[in-house]
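A.B. asks: What follows is a predicted structure for the sequence shown.
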Amino acid sequence: MKNVFLILLLSISLYANNLDVIKAKIVLELGHIITHNKIIKVYNTDPYFDNIFKENPQLQKVMDYKKADLILTSESSDFPKNSALNIISTNYRDYTKNKQKDFGAFFWQKGRPNILLNRHILESRNIKVQTIYRKYLD
Amino acid sequence: MKYKLKDYFLFFYFFILISIFITFIVLYIVSRESEEKQASSMLKIEITHAKTFAKNIETNILHLCPSDIVKDMKQDPKKREILNTTLSLLVGNEYRYVYLVYKDKDDTFRYLGDGSHELSQRGDFDQKFMPLLSIWKKVILTKQDTFSTQKDISGLWITYLYPIKRKDKVEAILAIDIATEEYNSIFNVVNPTNKLILVISIFLFIVLVFNFIQALLYFKQRKKTNIDPLTHLYNRNYFNDAIVDMDLKNCAVIMADIDYFKRVNDTYGHDAGDIVLQSVSKRLLSATRIFDVVIRYGGEEFLIILQNIYDLETTKEVCERILEVMSSQPIRIVNENIDITLSLGVNTHPYNAISMNEAIIKADTMLYKAKEKGRNRVEFTL
């Protein structure tokens, strides 16, 4: 069901007006790849994602990145290389520079959402992704 | 129910209102169709222009990469720069994004070049590209250019895809995202007009419905005030409203009175009297014709206007039928059968009277005569 939802989400995203709703749902899906917790704790440094917390109550904003399930940032280098941190870069170039520690990337380019999951990190943490997410492996 | 002059004004008002409403609806439909035609025509023009540019770019790219686009681009960063510069020449207010992608051996689309001026929007060489629409695969399969349209995606209207082919093999896809500015420049003028027409149409519809309900209530109320609640015949109010000024040409006026009705009331009570009145009314309606008018004129007195009368024989026939239905069978009241008869006074030439009231007076005189002559009979004017 979750998979179908993501496909649907990506398909309808072209026609949806409220980008914040879509962003929130994608962040939630990314969070659920990492943890099975219903509530996803997010540490965010990118103002582009500030509104996602209003759109989805399952996303909880935390002020300490160490307590976060997921970190959203366009400056991955600000964070230490730590296997416990799940950094999702919101900038493609930042992601390519920090591939050693970034869990993945989620950014908007040409009006379209882009999701990348770092195969190397996933394998090192022994996380197996469902078939539907494999096309996002990088 | 007879219609009065103001009723005809009401009908005319509704006719005008409905006509205006229909006109606005037609106007809205025509305007929408015209908008769609304009959009379709604009789309064709945009696609034609994009195709022309795409063909030129194809020639340039094939010239730049004489053997294989992907291989050449991977090997030579300078060629990538030239490609990006070439693509960026097209980028502007109309063409928001122009970029080249290819499909790798894992069926993943990747950027070869991107003309985007904004760094955050520019795809790097070999960066994964995630198409949301199936048309990307369609281009590879059909080897034909295609496009998709949308109006709500981040300021983009058309995504045009052109296959860059060499010897009938698609080596890359050139994508041109056309901005909505062009579309909006025309439709921002047309849309408010359409919206105004729609708003007026909705307003007219509401007015129409509201007035229709009011008219319906008016006619319902008028009918209620013109009908006698006991006998369901027309009452004196209706007479004053619609009959008093009636043209009496080819008419006959009958005054009818129930014989010994006071005795019925005194002997059996008023409830029995009401039953008699109801029964007599029904019988009067059955004996008269569809276009004749039967009015409860007074307590047990009825006024009957026979219309379309061209000879005395017809009047006589109707009168005989009235007397016959009255005496044919008694009226049953609380375990008792009562024989009820009527006396009729007929003005056979009411047209000669100055007014309806005078015509009635003459009929009433004849009724008095019928009563005098022993009741249960009819008397005609000479």
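C.D. replies: Here it is on my side, so go on. Numbering: from 1, shown residues only, chains lettered A, B, ... in the order given.

A.B. asks: pLDDT at A:Tyr95, what is it?
C.D. replies: Looking at A:Tyr95, its pLDDT reads 94.

A.B. asks: Contact partners for it?
C.D. replies: Taking CB atoms under 8 Å, 6 or more residues apart in numbering or on different chains as the criterion, A:Tyr95 is in contact with A:Ser76, A:Ser89, A:Asp102, A:Gly104, A:Ala105, A:Phe107, A:Leu116. Where you see a C-beta, it was placed from the backbone N, CA and C, and this is true even at glycine.

A.B. asks: Tell me both backbone torsions, phi and psi, for the closest residue to chain A within the stretch 251-382 of chain B.
C.D. replies: Chain A sits closest to B:Ile290 of the stretch 251-382 of chain B, with a gap of 63.1 Å, by CB to the nearest CB. Dihedral pair for B:Ile290: phi -60, psi -30, per degrees, to the nearest 10.

A.B. asks: repeat for the one 3 residues further on
C.D. replies: B:Val293 has phi and psi values of phi -110, psi 130 when expressed as degrees, to the nearest 10.

A.B. asks: dump the residue contacts of residue 91.
C.D. replies: Using chain A. By CB under 8 Å, 6+ apart, the contact list for A:Asn91 reads A:Ser74, A:Ala105, A:Phe107, B:Ser120.

A.B. asks: was after chain B, sorry
C.D. replies: Shown in contact with B:Val91 (CB under 8 Å, 6+ apart): B:Tyr97, B:Val98, B:Gly115, B:Ser116, B:His117.

A.B. asks: Quick one, grab the pLDDT at it.
C.D. replies: In this prediction, B:Val91 carries a pLDDT score of 92.

A.B. asks: I'd say B:Ile47 and B:Tyr160 touch.
C.D. replies: Yes. If you go by CB atoms under 8 Å, B:Ile47 and B:Tyr160 touch, sitting 6.3 Å apart.

A.B. asks: Which residue of the two possesses the greater neighbour count?
C.D. replies: Shown here are B:Ile47 and B:Tyr160; by other CB atoms under 10 Å in any protein chain shown, B:Tyr160 has more neighbours (24 against 19).

A.B. asks: just how off-centre is the helix or strand hosting the more buried one within its chain?
C.D. replies: Assigned by DSSP states H and E, B:Tyr160 belongs to strand B:156-166. The chain centre lies 45 Å from the centre of strand B:156-166; the measure is CA atoms, centre = their mean, to the nearest Å.

A.B. asks: For that strand, list every residue counted as buried.
C.D. replies: Residues of strand B:156-166 classed as buried by neighbour count (16 or more other CB atoms under 10 Å in any protein chain shown): B:Leu156, B:Trp157, B:Ile158, B:Thr159, B:Tyr160, B:Leu161, B:Tyr162, B:Pro163, B:Ile164, B:Arg166.

A.B. asks: Kindly report the same for stretch B:43-51.
C.D. replies: Neighbour-count burial for stretch B:43-51 flags B:Leu43, B:Glu46, B:Ile47, B:Ala50 (criterion: 16+ other CB under 10 Å).

A.B. asks: hmm, back to that, may I ask which of the contacts of A:Asn91 has the most neighbours?
C.D. replies: The most crowded member of the contacts of A:Asn91, judged by other CB under 10 Å, is A:Ala105 (28 neighbours).

A.B. asks: I'd like to know which elements the host helix or strand of that one is packed against.
C.D. replies: Here A:Ala105, judged by DSSP H and E, is contained in strand A:102-109. Helices and strands touching strand A:102-109, by 3 or more CB pairs under 8 Å, 6 or more residues apart in numbering or on different chains; DSSP states H and E, are helix A:19-34, strand A:87-89, helix A:92-97, strand A:112-117, helix A:119-124.

A.B. asks: Chain neighbours aside, what residue packs nearest to residue 82?
C.D. replies: The chain I'm using is chain A. Take A:Asn82 and drop its neighbours on the chain: the residue closest to it by CB to CB, 6 or more residues apart in numbering or on different chains is A:Lys101, 7.6 Å away.

A.B. asks: That was the other one, I meant chain B.
C.D. replies: Of all residues not flanking B:Ile82 in the chain, B:Leu64 sits nearest, at 6.1 Å (CB to CB, 6+ apart).

A.B. asks: helices and strands of chain A: which one bottoms out on pLDDT?
C.D. replies: Every helix and strand in chain A was compared by mean pLDDT, DSSP states H and E; the lowest is helix A:2-12, with a mean of 46.

A.B. asks: And chain B, by the same measure?
C.D. replies: Ranking every helix and strand in chain B by mean pLDDT, DSSP H and E puts strand B:146-153 at the bottom, with a mean of 78.

A.B. asks: now the residue in chain A that chain B sits nearest to: how far from B:Ala215?
C.D. replies: Closest contact between chain A and chain B, by CB to the nearest CB, is at A:Gly111 (3.0 Å). To B:Ala215, A:Gly111 is 54 Å away according to CB to CB, to the nearest Å.

A.B. asks: So which elements touch the one helix or strand B:Asn194 maps to?
C.D. replies: When elements are assigned from DSSP H and E, B:Asn194 belongs to helix B:181-226. Applying 3+ CB pairs under 8 Å, 6+ apart, one finds that helix B:181-226 makes contact with helix B:5-64, helix B:236-238.

A.B. asks: how about CSV for those helices, with mean pLDDT and distance to A:Asp46 added?
C.D. replies: Below are those laid out as CSV (pLDDT from 0 to 100; distance: least, CB to CB, whole Å):
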stretch, mean pLDDT, distance to A:Asp46
helix B:5-64, 90, 34
helix B:236-238, 89, 81
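
A.B. asks: Which of those helices sits closest to B:Lys195?
C.D. replies: Nearest of the helices and strands packed on helix B:181-226 to B:Lys195, taken as CB to CB: helix B:5-64 at 9.6 Å.

A.B. asks: got the contact list for the next helix-or-strand element following that closest one?
C.D. replies: Remark: after helix B:5-64, the chain's next helix or strand is helix B:69-75, criterion DSSP H and E. Contacts with helix B:69-75, where a contact means CB under 8 Å, 6+ apart, come from B:61-62, B:64-66, B:79-80, B:83, B:100, B:102, B:112-113, B:125-126, B:164, B:166, B:171-172.

A.B. asks: let's go with 10 Å and repeat that
C.D. replies: With contact meaning CB atoms under 10 Å, 6 or more residues apart in numbering or on different chains, helix B:69-75 is reached by B:61-62, B:64-68, B:79-80, B:82-83, B:100, B:102-104, B:110-113, B:125-126, B:164, B:166, B:171-172.

A.B. asks: Which positions in it come out as buried?
C.D. replies: B:Ile69, B:Val70, B:Asp72, B:Met73.

A.B. asks: and those, which two are the farthest apart?
C.D. replies: B:Val70 and B:Asp72 (7.4 Å).

A.B. asks: Neighbouring strands of the helix or strand hosting A:Gln60 in the sheet, and parallel or not?
C.D. replies: Per DSSP H and E: A:Gln60 is located in strand A:59-61. Sheet pairing here is set by DSSP bridges, and for strand A:59-61 it gives strand A:40-44 (parallel).

A.B. asks: The strand it pairs with relative to helix A:19-34, how many degrees between them?
C.D. replies: 120 degrees (axes from the mean of the first three to the mean of the last three CA atoms, to 10 degrees).

A.B. asks: Check which element follows strand A:40-44 along the chain.
C.D. replies: helix A:52-55.

A.B. asks: any low-confidence regions in chain A?
C.D. replies: In the prediction, chain A carries residues with pLDDT under 70 at positions A:1-17.

A.B. asks: and B:Ile135, what is it in contact with?
C.D. replies: B:Thr142, B:Asp145, B:Thr146, B:Phe147, B:Ser148, B:Thr159, B:Tyr160, B:Leu161, B:Ile173, B:Ala175 are the contacts of B:Ile135 under CB under 10 Å, 6+ apart.
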